[in-house]
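Visitor: Any chance you can model this:
(one chain, ligands or ions: 1)
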Amino acid sequence: MEQYEPLEIIGTGSFGLIRKVRRKTDGKILARKEIDYRRMNEKERNQLSAEFSILCELDHPNIVRYYDRHVDKINCMIYIIMEYCEGGDLSSIIKKCKKEGTFLSENTIWHFFTQILRALHECHYGYGKNKCGSNHSQQHITILHRDIKPDNVFLGSDNKLKLGDFGLSRKLNLDREFAQTYVGTPFYMSPELITESLYDVKSDIWSLGCLLYELCALQPPFQAKSQPVLAIKISTGTISPIPSRYSDELYNIIKAMLMVDPNKRPTTMELIKMLNPNKDIAYRE
Ligand SMILES: CNC(=O)c1c(C)[nH]c(/C=C2\C(=O)Nc3ccc(Cl)cc32)c1C
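Guide: Residues are numbered from 1 along each chain as shown. Modelled structure (predicted):
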């Protein structure tokens, strides 16, 4: 770890904190997730191993780039070196709007949504990049993020959004295999998790719908003071309208992703096809 000069702590991720670091060889600024594995149980250590194997597979402009990992056995620490995102997370951007009494423009919301959708499409239908030397040939893999929320989407130095923190993610070998246990943020928990505790690609789509709703309304679509009441609200799937400043098209996409029946929710491919290319014209790559 002497390769990196530690700088300030910038946030917390799954299992540990996130610190800004400077790579000594070239001065490049990176982000380091620091995990004390003494405090981790067997299940958490397995999940961390899963995160690492997932990070090795992903290489996409809208996914936080993974660089390296180190184990410090003396201090029982694991360090994961990743891309630094100087714009911070979407949660801070939403909080800033609420504080200032402003809303994100529809154009910005389409721009943000398009990028997160591309990242999620890569997770659900991409091909492994095996960047860490594993010898499997490029094959289709399904990666469930399982904790899509504004805190896990970051703004990179290239002004691109990056889906991050795969600390709760799961790689599925079979497309329809379910990840048996649910973890993640209750606000964004999908109805099928409340009833059956099964998680698949359509559960990520639900969370993406919750995130898109929150970009518009500056609050989650389902809120309650207790988890049982929250579970009832989620199971009904009833949402309040988004501010009238936004188009019906935006509201319709949110409603499609928040269908209680997961089979009625669109896939990332169907969403990409629904998006009118003109919606992103201001930011076309
Ligand atoms: C107040 N903190 C920030 O503005 C902030 C900044 C400038 N960067 C971050 C976070 C990350 C960052 O910059 N790179 C990351 C890679 C993985 C994960 Cl899980 C998080 C990050 C944060 C939370």
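Visitor: Run through this structure and note the low-pLDDT ranges.
Guide: 1, 131, 133-138, 173-185, 196-197, 276-285 (pLDDT under 70).
Visitor: one more time with 90, if that's ok
Guide: 1-2, 13-16, 39-57, 126-141, 157-159, 165-200, 274-285 (pLDDT under 90).
Visitor: give the contact list for Phe154.
Guide: By CB atoms under 8 Å, 6 or more residues apart in numbering, the contact set of Phe154 is 64, 85, 87-90, 161-162, 164. For every residue, glycine as well, the C-beta is placed using N, CA and C.
Visitor: what's the helix or strand for it?
Guide: strand 153-155 (DSSP states H and E).
Visitor: Figure out how far that strand is from the centre of its chain.
Guide: For strand 153-155, the distance from its own C-alpha centre to the chain's C-alpha centre is 9 Å (CA atoms, centre = their mean, to the nearest Å).
Visitor: Just the buried residues out of the contacts of Phe154, in ChimeraX syntax.
Guide: The ChimeraX command for the buried members of the contacts of Phe154 (criterion: 16 or more other CB atoms under 10 Å) is given here:
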select :64,85,87,89,90,161,162,164
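Visitor: contacts with the ligand among the contacts of Phe154, please.
Guide: Applying CB under 6 Å from any ligand atom to the contacts of Phe154, one finds that 64, 85, 88-89, 164 fall near the ligand.
Visitor: From those residues, pick the one nearest the ligand.
Guide: Distance to the ligand across the ones next to the ligand among the contacts of Phe154 (CB to the nearest ligand atom) is lowest for Gly88, with 2.8 Å.
Visitor: So of the ones next to the ligand among the contacts of Phe154, which two are at opposite extremes in space?
Guide: Val64 and Gly88 (12.6 Å; CB to CB).
Visitor: What is the strand ranked longest in the chain packed up against?
Guide: In terms of residue count, the longest strand belonging to the chain (DSSP state E) is strand 4-13. Helices and strands touching strand 4-13, by 3 or more CB pairs under 8 Å, 6 or more residues apart in numbering; DSSP states H and E, are strand 16-23, strand 29-36.
Visitor: Residue of the stretch 101-250 of the chain closest to the ligand, please.
Guide: Nearest residue of the stretch 101-250 of the chain to the ligand (CB to the nearest ligand atom) works out as Asp165 at 3.5 Å.
Visitor: Go ahead and confirm that residue touches Phe15.
Guide: No. Applying CB atoms under 8 Å as the test, Asp165 and Phe15 come out as separate, 9.6 Å apart.
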